[in-house]
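S.K.: got a structure for you, letters missing:
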């Protein structure tokens, strides 16, 4: 997958993540700019294994947050979709860098736990 596609998917999914956290649309644009402009992304995006993690980590985080919010609201239909999105993000991140995807799972779980316990 070309680098620009990694950056596009990572940026769009981090914007959706910010919007899911109820950040207004205009300030939410700072999230992908910060994520994609960070030193981590600039340094590691060219490495094929880390490019996948950079791409799919926001997708996994988005799925975990959607899952937590749908469980709070007892919306099982949304919870099923969120599990699919979370699983897709974890599997695709794990295909490129298995050990780093463990940290993505841990970070997603901690954020979801913070949302649930409020």
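M.R.: Nice, I can see it. Computed from a predicted model, the values in this text were never measured in an experiment.

S.K.: buried stuff in the longest helix seen in the chain?
M.R.: The residue-count maximum for a helix in the chain (DSSP state H) belongs to helix 48-72. Within helix 48-72, the residues scored as buried using 16 or more other Cβ atoms under 10 Å are 50-71. Every C-beta, even on glycine, is put in place using the N, C-alpha and C of the backbone.

S.K.: can you give me the helices for this protein?
M.R.: Counting by DSSP H, one finds helices in the chain at the ranges 3-20, 25-28, 30-36, 39-44, 48-72, 76-96, 98-117.

S.K.: possible to save these as a markdown table with mean pLDDT?
M.R.: Formatted as a markdown table, those follow (pLDDT from 0 to 100):
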| stretch | mean pLDDT |
| --- | --- |
| helix 3-20 | 90 |
| helix 25-28 | 94 |
| helix 30-36 | 93 |
| helix 39-44 | 84 |
| helix 48-72 | 87 |
| helix 76-96 | 88 |
| helix 98-117 | 85 |
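
S.K.: which one of those is the most hemmed in?
M.R.: Highest mean neighbour count among these (mean count of other Cβ atoms under 10 Å): helix 48-72, with a mean of 22.

S.K.: helices or strands up against that helix?
M.R.: Applying 3 or more Cβ pairs under 8 Å, 6 or more residues apart in numbering; DSSP states H and E, we find helix 48-72 packed against helix 3-20, helix 39-44, helix 76-96, helix 98-117.

S.K.: Out of the ones you listed, flag the one nearest residue 33.
M.R.: Across those, residue 33 has its closest neighbour in helix 3-20 (8.0 Å, Cβ to Cβ).
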